[in-house]
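J.: Curious how this folds, go ahead:
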Amino acid sequence: MTITTPTLSNISPKKIRVIGVPLDLGQSRRGVDMGPSAVRVAGLEARLEALGHVVEDGGNIAVAIPEQKEEGQANAKYLKEITATCTKHAELVLKTIESGQVPLALGGDHSMAAGTVAGVAEYYRRQSERVGLIWIDAHADINTPESSPSGNVHGMPLAAILGLGPPELANIFHFAPKVEADNCVLVGVRDIDAIEKHNVRRAGVEVFTMRDIDERGMRTVIEEALRMAGRGTAGYHVSLDMDWVDPEDAPGVGTPVRGGATYREAHLAMEIIADHGRMLSLEIVEVNPVIDEHNRTADLAVELTLSAFGKKIL
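T.: Residues are numbered from 1 along each chain as shown. Reported below is the predicted structural model:
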């Protein structure tokens, strides 16, 4: 009897650099700055390497804490410090891609996405190419300082990416928008501020709400989203806010909203993204271990990352 050794032939090995962004200046609820550590503790590096990938941990971006700084303008709190963090992050993301590695950014609150996408978009802009964006989130995050009811910048990064403002975040690397509206797709949104709805329509981005997922199914929605983000682009960045998943499965998030994606729906979305093979970079944000249950949300974040990088059931 011959015993065959299992192979990882269904996985395309990648060089991945993990970048922690322990940023919690963008929202009011504390604890999300510990998200990168919680995801690392859940075995991110070892579990990715078990799939055959080569993983380097680039450590954490240095981030100011609220106790050190003034809040600044009430309609865009800590904007100066958040912009400084996102600029440093964007530069590291750019260097990561230049070195042939795939950026895997760990948050931190979602305001960090302005830096992640800036770095990815700048690299491909230098190649005369553009990128798409898959924004997987319970929220649209497309507020501006003028429309935001809270002044929390974690509700503004998509507006910055699309060039709507605030200008400090929008103009990292001195160009805007980072992504064209017809290559930007929101998936799974279910909690949008009243004025923010106008911003969504004005921006002209593609949107699939949770109702679309309910009615049409996750497979159809994700396939269409990837087609839209991939039109005429080098590929797409995937920005995954863990509050997209229902709080039953992801309790440790800053702004939980009932009625999110189920455990299996979330995995299916990531598996389909892996099947298409055009993901340029990934970020996982808003893991808050302070309000989590036995690190469940961070563990799920790792599981979804594995699916996005090619892990399959069989």
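J.: what's the helix ranked longest in the chain packed up against?
T.: Ranked by residue count, the top helix of the chain under DSSP state H comes out as helix 79-98. If contacts are counted by 3 or more CB pairs under 8 Å, 6 or more residues apart in numbering; DSSP states H and E, helix 79-98 sits against strand 15-21, strand 102-107, helix 113-126, helix 167-170, strand 279-285. From N, CA and C alone the C-beta is placed, and that goes for glycine too.
J.: now it: mean pLDDT?
T.: Throughout helix 79-98, pLDDT has a mean value of 97.
J.: hmm, who's touching that helix?
T.: Among residues not part of helix 79-98, those counted as contacts by CB atoms under 8 Å, 6 or more residues apart in numbering are 17, 19, 21, 23, 25-26, 58, 61-64, 69, 72-73, 102-103, 105, 111-112, 114-116, 118-120, 122-123, 145, 153, 166, 168-169, 172-173, 280-281.
J.: May I see the buried residues of stretch 185-200?
T.: By 16 or more other CB atoms under 10 Å, the buried positions in stretch 185-200 come out as 185, 186, 187, 188, 189, 190, 191, 192, 193, 196, 199, 200.
J.: ugh, wrong one, stretch 72-82
T.: Neighbour-count burial for stretch 72-82, counted by 16+ other CB under 10 Å, picks out 72, 75, 76, 77, 78, 79, 81, 82.
J.: just stretch 47-60 next, same as before
T.: Within stretch 47-60, the residues that qualify as buried are 47, 48, 51, 52, 53, 55, 57, 58, 60, counting by 16+ other CB under 10 Å.
J.: Where strands are concerned, which of those residues count?
T.: By the criterion of DSSP state E, membership of these in strands covers 55, 57, 58, 60.
J.: could I get those residues as TSV with pLDDT and distance to residue 229?
T.: Output for these, formatted as TSV (pLDDT from 0 to 100; distance: CB to CB, whole Å):
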residue	pLDDT	distance to residue 229
55	98	25
57	98	28
58	97	26
60	98	28
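J.: Just name the closest of those residues to residue 287, please.
T.: Residue 287 lies nearest to residue 60 out of those, by CB to CB, at 14.0 Å.
J.: Going along the chain, name the strands of the chain.
T.: With DSSP E as the criterion, the chain has strands at 15-21, 54-60, 102-107, 132-136, 184-189, 206-209, 236-241, 279-285.
J.: want to try TSV for those strands, with distance to residue 271 as columns?
T.: What follows is the strands of the chain, written out as TSV (distance: least, CB to CB, whole Å):
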stretch	distance to residue 271
strand 15-21	18
strand 54-60	20
strand 102-107	17
strand 132-136	14
strand 184-189	14
strand 206-209	17
strand 236-241	13
strand 279-285	12
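J.: Could you find the closest non-adjacent residue to residue 22?
T.: Ranked by CB to CB, 6 or more residues apart in numbering and with sequence neighbours excluded, the top spatial neighbour of residue 22 is residue 33, at 4.1 Å.
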